[in-house]
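>>> just to be clear, the model below is a prediction. Sequence and coordinates:
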Amino acid sequence: TFWTAAPFALEALRHKVAGSRKNTEYLKLAGYGFAACCSFMEGAFGQTFGAQGLSRLAPALFGGQDGKGRPQVMASVAGFDKEAFREVASELSSVTDESEL
């Protein structure tokens, strides 16, 4: 399954994939709407996997190589409060214009 294979790709995804490439993919995801973006964030930050069940996708998904080829990485994620995230996200669900953010 995806979650079984994910640990083997984390290092390359975290340090070698350009941040601009990841951003392009996030913008595509945004085209699927608010609910899809929230689901993605919950999976990236909330789902744990790996031998000890401590790995999360978020540090590998956010950041990447900058324009000069230097890795810009996110710190490891120790926890994720799904209910707090949903509460904050619900406040944004009615935003229809990005100038409101």
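Looks like it came in fine. Numbering: from 1, shown residues only.
>>> pretty sure residue 29 is touching residue 37, no?
Yes: under the criterion of Cβ atoms under 8 Å, residue 29 makes contact with residue 37 at 6.3 Å. For glycine as for every other residue, the C-beta is placed from the backbone atoms N, C-alpha and C.
>>> which residues do these two both contact?
Counting by Cβ atoms under 8 Å, 6 or more residues apart in numbering, residue 29 and residue 37 have no contacts in common.
>>> any low-confidence regions in this protein?
Across the chain, the ranges flagged by pLDDT under 70 are 1, 101.
>>> just the strands in it please.
For the chain, the strands defined by DSSP state E cover 63-65, 71-73.
>>> so which of those comes closest to residue 47?
Among the strands of the chain, strand 63-65 comes nearest to residue 47, with 18.3 Å by Cβ to Cβ.
>>> touching that closest one from outside, list them.
Under Cβ under 8 Å, 6+ apart, the answer for strand 63-65 is 14-22, 71-74.
>>> among those residues, which ones are in helices?
14, 15, 19, 20, 21, 22 (DSSP state H).
>>> for ChimeraX, write a command that selects the buried ones of those residues.
Buried members of the ones in helices among the contacts of strand 63-65, defined by 16 or more other Cβ atoms under 10 Å, are picked up in ChimeraX with:
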select :14,19,22
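>>> can the ones in helices among the contacts of strand 63-65 go into TSV with extra columns for distance to residue 59?
Listed next are those as TSV, based on distance: Cβ to Cβ, whole Å:
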residue	distance to residue 59
14	6
15	10
19	13
20	18
21	16
22	12
